[in-house]
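> here's my sequence, what's the structure:
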Amino acid sequence: MSQTITTTDRDQDNIARWISDNLGGTITAFDKLPRWRPSWNVDVRLANGSTLRLHVRGERGAGLETQPLDMEMRILQILADHGIPVPVVYGWCDNPRAIVMENIPGVPYAGVETDPALQPLVEEYVAIMARIHRIDIAPFVAAGVNVAQSEKDSALAYLYMAEKTYLENKTGPDPLVEFVRRWLHANVPQGRNKRCFLVGDAPQFMHRDGAITAIYDLEMARIGDPLFDLVSLRVRDTNEPTGNLGQLFDHYARMSGEALDLATISFYSVLQFIAVPMISGPSLRGPKPHPAFVEYLSWGMSGTRCALQAMAEVTGITLEPAPVLAVRASPHGDALADLVAQCEALPDMGGFFRQHPALSLAHYARRADQLGAAIEGLELAGMAELLGTRPSSIAEGEASLERYVLEGGDDNTEGLLRFFHRRTMARLQLIQDYPSPVVSRGLGKIA
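You can find the predicted model right below:
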């Protein structure tokens, strides 16, 4: 009987061959990590008896990378040349496309709520970020990092990247994203001309014995305004709480000499948060099974909520709390409750999975059955208030609302903002059973 060779088997064989050809030694451990980016940890015993611990960071695949992975490798090498603690890079593997780097000792930062003793390390990371912002951008440009020419293009560069993914994959009306996009294009901060290399997704670092061993994960790196990088701390805070954000922002100001412009910080907050559903949303409509559907869905919902809250912050609008929804008794209730119970018996996926993907989907289906009618009623009533007539369906309402946004919604920013926030807070209740901080954490305060 023939044996099927999986892609993972071929990738592992090819990685092993690359290690043998380029580093030598004998592989003693080879573990594929359970996460949505293909990654492996490999231990190699060298001829001198020492063990080389490697991490192989693979490409996600077509349409899932924000920028070329080999550029991230070059960025790591530049940062190392400037004394920034990053993993040692051993080389590039062409098949599968992957960076072969040092497997950094320690554990990844996962938020100060799990360990308050990490707060000083987040401050140390902020100081490292200030050092990075002082590095000449020339080597990064040579490595392929793009530099926008105009002040507006620099401010909106990340939005342009998100828009490309969003527009190429748009399959129907999305009035909320169109509303926020229009607002961003119309409210670009002025006088923000400073350009520096940005980490892009802070703070991510490994630590051991009370010290940072390395910063990592630079797939979102770019060149732009240093305040844009500072805002990424605020984005990360929704998923991995960073403690006192105001204290961290003030620490950065002291370390960098960069004044904090609160209006610009709010603008970049809107931009970075709305980019999350614009980038991750299309994957939810892609091939099934999705590797982590509700995890990605939670990112998009949280990003939407925080983008709207940041708009309210900069415009001075006070938003309402989450609406109270009526729970509907349904003939499908017992079956969906049993589905949840059946999925709870599935083995733990481990690694980066907060919950088995099937269990998270079962919870979502049950909540949709319980709350779907109430959410639909809330949305149709809100659309009727904005449009002057009640749509016959959500699909019709979405199309009409997008036309409204594009043809004159700028005259009713407050009404649209309140509606979209109320709708988002209602929809978040569909994933209230998912064990992620983003489900309940809103926009972190900085002042």
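
> tell me, what's the model's pLDDT at T66?
pLDDT recorded at T66 is 71.

> ah, wrong one, I meant T7
pLDDT at T7 comes out at 59.

> L245 and L233 touch, don't they?
Yes: proximity of L245 to L233 meets the contact threshold set by C-beta atoms under 8 Å, at 6.8 Å. For the C-beta atoms, the positions are set from N, CA and C on the backbone; glycine is no exception.

> helix/strand/coil for C93?
Here C93 is recorded as strand under DSSP: H, G, I helix; E, B strand; the rest coil.

> from L262, how far out is it?
C93 sits 45 Å away from L262, going by C-beta to C-beta, to the nearest Å.

> so between these two, which is more surrounded?
C93 (20 against 13; other C-beta atoms under 10 Å).

> any idea how many residues pack against the closest residue in space to the more buried one that isn't next to it in sequence?
Nearest non-adjacent residue to C93, counting by C-beta to C-beta, 6 or more residues apart in numbering: W18, 4.6 Å away. Number of residues near W18 (other C-beta under 10 Å) recorded here: 20.

> OK, contacts around W18?
Listed by C-beta atoms under 8 Å, 6 or more residues apart in numbering, the contact set of W18 reads G91, C93, V100.

> surely the first one touches V100?
Yes: under the criterion of C-beta under 8 Å, G91 lies in contact with V100, with a separation of 5.2 Å.

> joint contacts of those two?
W18, N22.

> and the two? which has more neighbours close in?
V100 (22 against 14).

> helix, strand, or coil at the nearest residue to the more buried one once chain neighbours are set aside?
Excluding its sequence neighbours, the residue lying closest to V100 (C-beta to C-beta, 6+ apart) is Y90, at 4.6 Å. Under three-state DSSP, Y90 falls in the strand class.

> surely Y90 meets N103?
No: contact criterion C-beta under 8 Å: Y90 and N103 do not qualify, at 10.6 Å.

> overlap in contacts of those two?
L54.

> so the two - more neighbours on which side?
Neighbour totals were compared for Y90 and N103, and Y90 leads with 19 against 16 (other C-beta under 10 Å).

> quick one: pLDDT of the more buried one?
For Y90, the model assigns a pLDDT of 97.

> re earlier: who's more crowded, L245 and L233?
L233 (23 against 19).

> residue contacts, the more buried one?
Counting by C-beta under 8 Å, 6+ apart, L233 touches V126, A202, P203, T242, L245, L248, F249.

> what strand or helix carries it?
helix 226-237 (DSSP states H and E).

> please identify the helix or strand for the residue nearest the centre of the chain.
Centroid-nearest residue in the chain, with C-alpha atoms, centre = their mean: V276, separated by 5.8 Å. Per DSSP H and E, V276 falls inside helix 262-284.

> wait, S330 sits on L371?
No: using C-beta under 8 Å, S330 is not in contact with L371; the gap is 10.4 Å.

> these two: who's more crowded?
L371 (20 against 14).

> element containing the more buried one?
Residue-wise, L371 maps onto helix 357-387 under DSSP H and E.

> can you list the buried residues in the next helix or strand after that helix?
With elements assigned by DSSP H and E, the helix or strand that comes after helix 357-387 is helix 394-408. Using 16 or more other C-beta atoms under 10 Å as the test for burial, helix 394-408 gives G397, E398, S400, L401, E402, Y404, V405.

> so where's the stretch 101-250 of the chain shaky on pLDDT?
By pLDDT under 70, the stretch 101-250 of the chain has no low-scoring segment.

> all helices for it, in order.
Ranges of helices in the stretch 101-250 of the chain, per DSSP state H, counting those that start in this stretch, are 119-133, 138-142, 151-168, 175-186, 226-237, 245-256.

> which strands and helices sit next to the second one?
Other helices and strands packing on helix 138-142, by 3 or more C-beta pairs under 8 Å, 6 or more residues apart in numbering; DSSP states H and E, are helix 69-81.

> show me how far the helix it packs on is from its chain's centre.
21 Å (C-alpha atoms, centre = their mean, to the nearest Å).

> and the angle for that helix with helix 119-133?
Between helix 69-81 and helix 119-133, the angle comes out at 100 degrees (axes from the mean of the first three to the mean of the last three C-alpha atoms, to 10 degrees).

> buried residues in helix 69-81, which are they?
For helix 69-81, by 16+ other C-beta under 10 Å, it's L69, D70, M71, E72, M73, R74, I75, L76, I78, L79.

> TSV please, covering those residues and showing distance to K288 and pLDDT.
TSV is the format used below for the buried residues of helix 69-81 (distance: C-beta to C-beta, whole Å; pLDDT from 0 to 100):
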residue	distance to K288	pLDDT
L69	25	92
D70	30	93
M71	31	94
E72	29	95
M73	32	96
R74	35	97
I75	34	97
L76	34	97
I78	39	98
L79	38	98
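
> and which of those residues is nearest A337?
Nearest to A337 out of the buried residues of helix 69-81 is L69 (C-beta to C-beta; 43.1 Å).

> separation between the nearest residue to the closest one once chain neighbours are set aside and G351?
Nearest residue to L69 in three dimensions, chain neighbours excluded: E59, at 5.0 Å (C-beta to C-beta, 6+ apart). To G351, E59 is 19 Å away according to C-beta to C-beta.

> mind checking which of the two has more residues around it?
Neighbour count, other C-beta under 10 Å: between E59 and G351, E59 has more, with 16 against 11.

> can you give me the pLDDT of the more buried one?
90.

> need the contact list for it.
So, once contact is read as C-beta under 8 Å, 6+ apart, E59 ends up touching P38, E65, L69, P96, R97, A98.

> so which of these are in strands?
R97, A98 (DSSP state E).

> export the contacts of E59 to a markdown table and tack on distance to F30?
Converted to a markdown table, those look like this (distance: C-beta to C-beta, whole Å):
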| residue | distance to F30 |
| --- | --- |
| P38 | 13 |
| E65 | 24 |
| L69 | 20 |
| P96 | 14 |
| R97 | 18 |
| A98 | 13 |
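
> which of the contacts of E59 sit farthest apart?
So, the contacts of E59 by C-beta to C-beta: farthest apart are E65 and P96, at 13.0 Å.
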